[in-house]
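Here you go, sequence then predicted model.
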Amino acid sequence: MHLAFLGLGQIGGSIARAATATGHATRISAWTPNGAGPGLAESDGIVAAATAADAVRGADLIVLAAPPLACLDLLDDLGGPLGRALAPDAVITDVASTKASIVARARIHGLRFVGGHPMAGRELAGYLAADPGLVRDRPWVIVPASPVDVAADARVVELIAACGARAVRMTADEHDAAVASVSHLPLVLSAALVETMSTTAGWPEARRLAAGGWAGMTRLARGDVEMGTGILATNGAAVADRLRSLRAVLDGWLAELEADEIDAQTVRTRLALAHDAARSGDDDTAAGRPAADLADPDGPR
């Protein structure tokens, strides 16, 4: 199996290293605009291609491991002049955090494309953050090829299995609605929290007291800006829908806390319900990895 990566940061690098470790890939080539990731990866046996065409030429499976907006540009390239470098039976997939816009763009160009999104990642970026075990035991969403292409789907599923992940088939819209709740809304909340508190009176004093709670709530705001931009630019409607629901809940909290006399029992009940709902998914995240993929798969560009 010849794998080609357009983008090679934390996510792409982790997949490439896992495919190498398991013997799934006999050759891996990679390209990024500035060549940083592929250059670092040469010591791991990955071929740093001088151009995108050199990277994809002869590849069985091309993995777009870049932020969502960059993936759209790459699909335009593959649907244009870069397509001449593709092998006749080449399959293209991606690992971006949104799916509907990307799948639609691939279909416009008539590319042999299977959408993908491994649900793993950290706020770190770049190839040096790559970990061959990053996606092990994690869900990896695939949006099957359209028109139906069983062989193309199977090629992506084989890569997923080689990395130790679990293939989960969804439509693009189902995926985007789901991750809007568990990944993209938390990004907006994290950023909004920093925006709000960093401009309030007394922030310098408060910041000196910040500990684990602040660190946990602002982890996503410390992630890659290009990745976050691409996520919200390509899944804005679903995230806005979740924000409206959250706003209604926050208004309820505001009413509770602005009362002349706070009803401690009501507060306790609300916190207990939230506690139980949050803990109900602990078995699904036993590996301790965040479900949100907010690390920039392409790393520094």
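Great, that's in hand. Numbering: from 1, shown residues only.

for the stretch 151-300 of the chain, what spans make up the strands?
Per DSSP state E, counting those that start in this stretch, the stretch 151-300 of the chain carries strands over the ranges 166-169.

Kindly provide the whole-number mean pLDDT of the longest helix along the chain.
Using DSSP state H to define each element, the chain has its longest helix at helix 236-258. Confidence for helix 236-258, expressed as mean pLDDT, is 97.

change the start of the numbering to 399 and stick with it
All set: I'll call the first residue 399, so the last point we hit is now helix 634-656.

what packs against that helix?
helix 583-595, helix 662-677 (3 or more C-beta pairs under 8 Å, 6 or more residues apart in numbering; DSSP states H and E). Using the backbone N, CA and C atoms, a C-beta is placed for each residue, glycine as well.

and the longest one with helix 634-656, angle?
On the basis of axes from the mean of the first three to the mean of the last three C-alpha atoms, to 10 degrees, helix 662-677 is oriented at 150 degrees to helix 634-656.

what sits up against helix 662-677?
The contact list for helix 662-677 (C-beta atoms under 8 Å, 6 or more residues apart in numbering) reads Trp651, Glu654.

chain center to that helix: distance?
30 Å (C-alpha atoms, centre = their mean, to the nearest Å).

Format the CA atom coordinates belonging to that helix as CSV.
Taking Å, rounded to 0.1, in the frame of the first residue of the first chain, the C-alpha atoms of helix 662-677 are listed here in CSV:
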residue,chain,number,x,y,z
ALA,A,662,-29.3,26.0,47.1
GLN,A,663,-31.4,22.9,46.5
THR,A,664,-32.3,23.9,43.0
VAL,A,665,-28.6,24.6,42.3
ARG,A,666,-27.7,21.3,43.8
THR,A,667,-30.3,19.5,41.7
ARG,A,668,-29.1,21.1,38.5
LEU,A,669,-25.4,20.3,39.2
ALA,A,670,-26.3,16.7,40.1
LEU,A,671,-28.2,16.2,36.9
ALA,A,672,-25.3,17.7,34.9
HIS,A,673,-22.8,15.5,36.9
ASP,A,674,-24.7,12.4,36.1
ALA,A,675,-25.2,13.2,32.4
ALA,A,676,-21.4,14.0,32.1
ARG,A,677,-20.4,10.8,33.9
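
on that earlier part again, relative to Leu652, which of the helices and strands packed on helix 634-656 is closest?
Smallest distance to Leu652 across the helices and strands packed on helix 634-656 (C-beta to C-beta): 12.6 Å, for helix 662-677.

What's the mean pLDDT across the closest one?
95.

go on, stretch 414-422?
On average, stretch 414-422 scores 95.

With stretch 496-509 instead?
Mean pLDDT, computed over stretch 496-509, is 98.

Equivalent analysis for stretch 607-626, please.
Here stretch 607-626 scores 93 as its mean pLDDT.

and Ala675, how many residues sit next to it?
9 (other C-beta atoms under 10 Å).

show me the contacts for Arg503.
Leu470, Leu473, Asp474.

Distance-wise, check the last one relative to Phe403.
Right, the one you point to is Asp474. 18 Å (C-beta to C-beta, to the nearest Å).

higher neighbour count, the two?
Neighbour totals were compared for Asp474 and Phe403, and Phe403 leads with 34 against 13 (other C-beta under 10 Å).

Report all helices and strands that the helix or strand containing that one contacts.
Under the criterion of DSSP states H and E, Phe403 resides in strand 400-404. Under the contact criterion of 3+ C-beta pairs under 8 Å, 6+ apart, strand 400-404 touches helix 408-419, strand 425-429, helix 450-454, strand 459-462.
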